[in-house]
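K.L.:
Need coordinates for the below:
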Amino acid sequence: MKPRHPPARAQRGISLIVSLVLLVLVTLIAVGSMRGVLLQTRMSGTTHDRSLAFQASEVALREAERRAATATEADIPAAGCAAGYCATPALADTPRWMDAAFVGWQPAAAAVPADAPAPEAIVEDMGDAPNWVGCENEIPRQPNCSTRRYRISARSAADGRASVLVQSQFAAP
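P.N.:
So this is what the prediction gives:
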């Protein structure tokens with residue numbers, strides 16, 4: 001016996017329609033996956049850039065802390081800023097580290113990653129402060145009651161890059 005095939009005019013082309021619908025679905029899934037991968041790539045690039053900026057800021061902060069540890073009265077200007085050292089800020093002034101027009105930042109001399117933004121720092125004199133609660137009221141006052149304090153701000157910023165600002169309160173030894 002010979003198998004009987006339906007005549008060509010009786011076929012409707014349903015397999016073509018089903019395969020085209022499946023092709024469209026697979027294309028939509030692929031496009032969605034590509035968008036997700038691109039977003040994750042951007043996020044990881046931003047995270048890497050922020051990490052580099054943070055590391056550079058940390059380098060500048062540690063360098064400024066070493067400078068503050070050896071600072072003398074002659075290093076601290078009476079007013080304003082000079083060579084990365086700043087006088088005690090007035091309470092009414094905008095903090096220097098928040099002021100976009102402030103230009104007294106001292107560039108860090110230490111090595112930083114090659115593709116990191118250049119870090120810079122300032123050391124602000126905050127005056128003497130007690131080392132423990134109530135020591136300034138003791139009679140006789142202990143010789144190690146108060147210590148010179150500094151606010152150290154370091155930043156790493158560049159146009160179109162992550163900006164990082166780190167600060168520390170430093171007590172001179």
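K.L.:
List the buried residues in stretch 60-67.
P.N.:
Residues 60, 61, 62, 63, 64, 65, 67 are the ones in stretch 60-67 that count as buried (16 or more other Cβ atoms under 10 Å). Quick note: C-beta positions are derived from backbone N, CA and C, even for glycine.
K.L.:
Show me the contact partners of stretch 61-74.
P.N.:
84-85, 106, 108-110, 121-123, 148, 150, 152, 154, 166-168, 170, 172-173 (Cβ atoms under 8 Å, 6 or more residues apart in numbering).
K.L.:
sorry, back to before: out of the buried residues of stretch 60-67, which one sits closest to residue 143?
P.N.:
Using Cβ to Cβ, residue 65 is the member of these that lies nearest residue 143, at 23.8 Å.
K.L.:
Give the helix, strand or coil label for that closest one.
P.N.:
helix (DSSP: H, G, I helix; E, B strand; the rest coil).
K.L.:
what's the answer for residue 68, then?
P.N.:
helix.
K.L.:
ok, what's across the strand from the residue nearest to residue 129 when sequence neighbours are not counted?
P.N.:
Spatially, and ignoring its direct neighbours in sequence, residue 129 is nearest to residue 149 (4.7 Å; Cβ to Cβ, 6 or more residues apart in numbering). Beta bridges link residue 149 to residue 127, residue 171, judged by DSSP bridges.
K.L.:
Could you verify my assumption that residue 149 touches residue 168?
P.N.:
No. Using Cβ atoms under 8 Å, residue 149 is not in contact with residue 168, being 10.7 Å away.
K.L.:
In stretch 157-164, which residues are buried?
P.N.:
157, 161, 162, 164.
K.L.:
Burial check on residue 52, number of neighbours?
P.N.:
Neighbourhood size, residue 52 [other Cβ atoms under 10 Å]: 20.
K.L.:
What of residue 55?
P.N.:
Neighbours of residue 55 using other Cβ under 10 Å come to 15.
K.L.:
Specify the local secondary structure of it.
P.N.:
helix.
K.L.:
Surely it is in contact with residue 113?
P.N.:
Yes. Under the criterion of Cβ under 8 Å, residue 55 makes contact with residue 113 at 6.4 Å.
K.L.:
hmm, back to that, so residue 149 and residue 168 - more neighbours on which side?
P.N.:
residue 149 (19 against 14).
K.L.:
Which residues are in contact with the more buried one?
P.N.:
126, 127, 128, 129, 169, 170, 171, 172.
K.L.:
where's the second one relative to residue 172, distance?
P.N.:
From residue 127 over to residue 172 the distance is 11 Å, taken as Cβ to Cβ, to the nearest Å.
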